[in-house]
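*Asks:* Mind folding the following:
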Amino acid sequence: EYSEETYADTQGEHAHMPQESNQGPSSCEAQTLSAPCIKSTKSYTSQPEQTFLTSPHRIYILNTIIICISENLISEGWQYFKGSLYLGSTTAGSWNESRKFCQEKGADLIIINSIQDFSLTQEFARKSYRTRWIGLSDLEQQGVWRWVDGSLLNTSFWYPGEPNNKGSTEHCVVVNYYNGRDNWNDYSCSEKCSYSYYKMHLTH
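*Replies:* Next comes the predicted model:
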């Protein structure tokens, strides 16, 4: 729970901003799985008579809440990059299991649209020495690669000879940590990869 404190702006008006109290934890509670939960501990209320709360005030309050969320997540191991937070989870699972767990945390498997995005995935892979899922598959239509947001693949970093759909069962994509720059590989979606990439947009 959080108390409210009335403050004056430069025009002499008032608005209510959330202030922390000493009650309750400021970070997420321990989870069974190691990926951190996403939890805002800030809130504010608007009374009927407070109709003077103008749009700039609302933006200020929203920005304050987003900053608080960002700082909390970064302290839990998330990495900020271009308006989003990224995390290499230590949870093993199939592609679908990994995506489901990710969505339960308000995120999704990573989408790579630039060399900068790809460099970030390589950094996670090299640090952990693990193959990782990314949010790319041709599950809807074989040979048509789409990201988890429905967009078509337009920038790729396939390892030479990939994708090859070995055994006609490889419809999801992993990033390998040992193949240099171009290291994407199509992979059976049911395989249990040790780590998965997650991301959370902060720009909405």
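*Asks:* List the backbone torsions phi and psi for Phe101.
*Replies:* phi -60, psi -40 (degrees, to the nearest 10).
*Asks:* Ser151 versus that one, what's the distance?
*Replies:* According to CB to CB, to the nearest Å, Phe101 stands 22 Å off from Ser151. For glycine as for every other residue, the C-beta is placed from the backbone atoms N, C-alpha and C.
*Asks:* So these two - more neighbours on which side?
*Replies:* In this view Phe101 and Ser151 are compared by other CB atoms under 10 Å, and Phe101 has more residues nearby, 18 against 10.
*Asks:* mind giving me the domain split of this structure?
*Replies:* Domains of the chain are assigned by automatic domain parsing as 3-77, 80-201.
*Asks:* How about Gln116: what's its closest non-neighbour residue?
*Replies:* Lys82 (7.2 Å; CB to CB, 6 or more residues apart in numbering).
*Asks:* Quick check: the one you found vs Glu123, distance?
*Replies:* Distance of Lys82 to Glu123, given as CB to CB: 14 Å.
*Asks:* Neighbour count for these two, which is higher?
*Replies:* A side-by-side neighbour count of Lys82 and Glu123, using other CB under 10 Å, places Glu123 first with 14 against 10.
*Asks:* Retrieve the pLDDT associated with the more buried one.
*Replies:* Listed pLDDT for Glu123 reads 71.
*Asks:* so who does it touch?
*Replies:* Residues in contact with Glu123 (CB atoms under 8 Å, 6 or more residues apart in numbering): none are found.
*Asks:* after the helix or strand hosting it, next one along is what?
*Replies:* Element membership of Glu123 [criterion: DSSP states H and E] is helix 115-128. Per DSSP H and E, the first helix or strand lying C-terminal to helix 115-128 is strand 132-137.
*Asks:* Can you name the next helix or strand after that next one?
*Replies:* Per DSSP H and E, the first helix or strand lying C-terminal to strand 132-137 is strand 146-147.
*Asks:* Give the rounded mean pLDDT of that following strand.
*Replies:* The model assigns strand 146-147 a mean pLDDT of 96.
*Asks:* Please name every helix or strand in contact with it.
*Replies:* Under the contact definition 3 or more CB pairs under 8 Å, 6 or more residues apart in numbering; DSSP states H and E, strand 146-147 sits against strand 132-137.
*Asks:* Parallel or antiparallel, list what pairs with the strand it packs on.
*Replies:* Strand pairing for strand 132-137, determined by DSSP bridges: strand 146-147 (antiparallel), strand 170-175 (antiparallel), strand 195-201 (parallel).
*Asks:* rank these by pLDDT, which is bottom?
*Replies:* Among the strands paired with strand 132-137, strand 195-201 scores lowest, with a mean of 57.
*Asks:* Now do stretch 147-158: distance from first to last residue.
*Replies:* One end of stretch 147-158 sits 15 Å from the other (CA to CA, to the nearest Å).
*Asks:* for stretch 101-119, same thing?
*Replies:* Taking CA to CA, stretch 101-119 runs 24 Å from one end to the other.
*Asks:* Perfect, I'm done here.
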